[in-house]
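Student: below is the structure, and that's it, no one-letter string:
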Ligand code: MG
């Protein structure tokens with residue numbers, strides 16, 4: 001090619017590319033200027049949506065702004081004391097927030113946390129959690145981005161989960177585990193009932209053992225022997241590859257917890273959950289120094305500061321944060337980042353008493369962090385999906401978020417109204433007591 005023609009064509013091509021780039025930059029700049037010029041949304045209303053599509057009482061906070069169509073949702077569920085959350089939102093948080101900017105999430109969290117003077121009340125934490133997640137939803141909707149993008153973007157494609165396999169008898173629990181494995185799950189939590197006793201995470205089996213009262217009975221040594229028999233059978237039947245988890249549900253004494261962890265070593269658990277109660281966390285070094293069984297802890301923590309001793313001394317492997325209890329996404333991401341420094345991984349508490357909005361909030365944080373460990377999975381029925389649109393989707397044991405702005409979810413409030421709390425329940429959704437054979441209360 002003629003030298004002049006070659007350079008002429010190249011220059012023309014460069015000029016054309018330059019014009020396109022300039023046009024793109026101009027368009028991007030116009031969008032950026034429009035967004036920068038957008039007035040800060042102000043909070044117009046804070047309301048509560050309550051429903052129980054699976055029998056479990058769910059509470060969601062909706063924050064509405066003064067910008068048309070700009071609102072957000074957050075999970076505020078506290079199923080055991082559900083009726084306390086609505087007045088906490090309506091009588092204390094709503095008046096405080098009306099007219100305040102919806103785009104100052106950290107500032108709002110600190111205002112709410114400090115303005116009650118006494119911190120870490122469970123029901124106020126739920127209310128704060130709902131508002132906090134709703135503000136993140138609003139921020140995402142305003143930016144036109146899913147929240148995980150606001151958190152830095154994806155660090156993984158989808159969220160690995162574990163399902164709950166349980167039974168009154170050991171074969172029943174193992175069959176339940178096989179069903180999860182057949183669906184592609186790589187992790188399963190297994191629990192079994194104890195004959196004559198109130199189990200945890202399973203139905204009780206057989207005749208009740210003699211007791212000096214009429215409450216459900218729990219007896220530690222029998223439960224421990226039963227758990228070990230379950231894992232012996234599970235490893236024989238399920239093989240070495242499946243990751244197995246178990247929840248001790250804070251029911252053992254510190255010395256029993258050490259022994260249980262040591263006895264379970266041969267079955268190579270993915271983790272043992274809540275070997276001790278929150279009141280006994282100073283015993284964790286004792287367990288840690290004597291066993292290689294991985295430890296998960298924290299679903300009952302209210303304050304983000306409760307994590308500090310366990311993380312800084314590397315006494316646990318997994319953080320069981322409950323996003324509707326600890327104050328929302330804002331403290332959850334801080335604790336997760338703190339854990340990353342010490343190589344402690346996340347294992348968010350994900351039972352049925354976290355609403356689908358809360359499950360999605362956990363999914364977005366899980367997507368964006370490096371120290372993700374595992375996610376507890378709860379199945380959602382058709383009634384739940386009729387109310388909550390855009391729930392995290394399950395495929396082969398992995399949860400997937402959608403790519404819509406905010407949480408990518410909407411709530412059908414008319415459908416929610418069709419599933420009110422059960423007002424005939426004598427406990428009003430609360431849990432009953434569990435006792436030792438002599439009548440002493442057992443932690444749960
Ligand atoms: Mg648990």
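Tutor: Arrived safely. Please read these numbers as outputs of a predicted model, since none were measured by experiment.
Student: right, and residue 312 touches residue 344 too?
Tutor: No - assessed by C-beta atoms under 8 Å, residue 312 is found out of contact with residue 344, at 9.5 Å. Using the backbone N, CA and C atoms, a C-beta is placed for each residue, glycine as well.
Student: so which of these two has more stuff around it?
Tutor: Taking other C-beta atoms under 10 Å, residue 312 and residue 344 do not tie; residue 344 has more neighbours (25 against 13).
Student: give the contact list for the more buried one.
Tutor: Contacts of residue 344 were listed using C-beta atoms under 8 Å, 6 or more residues apart in numbering, and they are 310, 311, 314, 316, 317, 318, 319, 371.
Student: how close does residue 109 sit to residue 136?
Tutor: 10 Å (C-beta to C-beta, to the nearest Å).
Student: quickly list what's touching both of those two.
Tutor: Common neighbours of residue 109 and residue 136 (C-beta under 8 Å, 6+ apart) are 328, 330.
Student: for those two, indicate the residue with more neighbours.
Tutor: residue 136 (25 against 20).
Student: OK, contacts around the more buried one?
Tutor: 72, 74, 105, 147, 150, 328, 329, 330, 361, 406, 407.
Student: ok, then the element right after the helix or strand bottoming out on mean pLDDT in the chain?
Tutor: For the chain, using mean pLDDT, DSSP states H and E, the weakest element among its helices and strands is helix 3-37, scoring a mean of 53. Reading on from helix 3-37 to the C-terminus, the next helix or strand found by DSSP states H and E is strand 43-51.
Student: buried ones in that next one, by neighbour count?
Tutor: 43, 44, 46, 48, 49, 50, 51 (16 or more other C-beta atoms under 10 Å).
Student: residues in a beta bridge with the last one, which ones?
Tutor: For residue 51, the beta-bridge partners are residue 58 (DSSP bridges).
Student: how about residue 345?
Tutor: Applying DSSP bridges, one finds that residue 345 bridges with residue 318.
Student: isn't it right up against residue 316?
Tutor: No - the pair residue 345 / residue 316 is not scored as a contact, 9.4 Å apart, by C-beta under 8 Å.
Student: neighbour count winner among the two?
Tutor: A side-by-side neighbour count of residue 345 and residue 316, using other C-beta under 10 Å, places residue 316 first with 27 against 20.
Student: the more buried one: what's it in contact with?
Tutor: 284, 295, 296, 297, 298, 310, 344.
Student: cutoff 7 Å now
Tutor: Applying C-beta atoms under 7 Å, 6 or more residues apart in numbering to residue 316 gives the contacts 284, 295, 296, 297, 310, 344.
Student: what's the neighbour count on the residue nearest to residue 47 when sequence neighbours are not counted?
Tutor: Closest residue in space to residue 47, ignoring its immediate chain neighbours: residue 62 at 5.0 Å, by C-beta to C-beta, 6 or more residues apart in numbering. Using other C-beta under 10 Å, residue 62 has 21 other residues around it.
Student: now the angle from the helix or strand harbouring residue 62 to strand 43-51?
Tutor: Per DSSP H and E: residue 62 is located in strand 58-65. Counting by axes from the mean of the first three to the mean of the last three C-alpha atoms, to 10 degrees, strand 58-65 lies at 160 degrees to strand 43-51.
Student: elements contacting the helix or strand just after strand 58-65?
Tutor: Sequence-wise, the next helix or strand downstream of strand 58-65 (DSSP H and E) is strand 71-75. For strand 71-75, the elements it packs on are strand 58-65, helix 122-143, helix 356-368, judged by 3 or more C-beta pairs under 7 Å, 6 or more residues apart in numbering; DSSP states H and E.
Student: where does this protein have low pLDDT?
Tutor: Within the chain, the segments meeting pLDDT under 70 span 1-38, 199-206.
Student: redo that, cut-off 80
Tutor: Low-confidence segments of the chain, defined by pLDDT under 80: 1-39, 198-208, 444.
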